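>>> Provide a 3D model corresponding to the input given below.
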Amino acid sequence: MESLETKPRSVASRWRRRLAIFGVVFGLWALLHWWNGPIRPLFFSASGIHDSYDGSGGGLTGDFNRCIRADCSEEFFHQYARQQGLTSTVAEALPKNCPGWSNCSERWWTPPPLRGAYYSYRPGGSRYILAYANGSLFYDLCAW
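Now for the predicted structure:
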């Protein structure tokens, strides 16, 4: 009777396997995050999409600032605002103590005045602004 000998797996092969599993799990997590994020709907109805992200909190605090610009129709802009759950501004200003547009340093970031913009604001938590001008939507998302 022959004995069945199995070679023990090397440490390197176990680490490669663990790294591959981690890569697959992380990839699925990133895909889920993208699928539920603000960019995905733009891919289907907008063009010329620009995106700038600054996670100044180092990922630990959840602080971030994201600026998005995309070319789209005005009809899609209003539909997108409703989909994002934003409230329309009536005046030229946001509510008291609500910060305005972020200082994004990208050349394409030229947000319009706030008249007709949509927003969401939670003091001490987050602020979102969405506005439309010259065939482009501008979306500014901040959390602190």
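>>> surely Ser120 and Ala81 touch.
No - the criterion here is C-beta atoms under 8 Å, and Ser120 misses it with Ala81 at 10.0 Å. All C-beta spots, glycine's among them, are computed from the backbone N, C-alpha and C.
>>> the two: which has the busier surroundings?
Remark: of Ser120 and Ala81, Ala81 carries more neighbours, 22 against 17, as counted by other C-beta atoms under 10 Å.
>>> with only the CA atoms kept, save the helix or strand containing the more buried one in CSV.
Ala81 is part of helix 74-83, with elements assigned from DSSP states H and E. Output of helix 74-83 as CSV, limited to C-alpha atoms (Å, rounded to 0.1, in the frame of the first residue of the first chain):
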residue,chain,number,x,y,z
GLU,A,74,-31.3,70.2,-17.5
GLU,A,75,-34.0,67.6,-17.4
PHE,A,76,-31.6,65.0,-16.2
PHE,A,77,-30.1,67.5,-13.7
HIS,A,78,-33.5,67.8,-11.9
GLN,A,79,-34.1,64.1,-12.1
TYR,A,80,-30.7,63.4,-10.6
ALA,A,81,-31.3,66.0,-7.8
ARG,A,82,-34.5,64.1,-6.8
GLN,A,83,-32.7,60.8,-7.0
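>>> next, count neighbours for the nearest residue to Leu86 once chain neighbours are set aside.
Once flanking residues are discounted, Leu86 sits nearest to Tyr118: 3.7 Å by C-beta to C-beta, 6 or more residues apart in numbering. Neighbour count for Tyr118, taken as other C-beta under 10 Å: 23.
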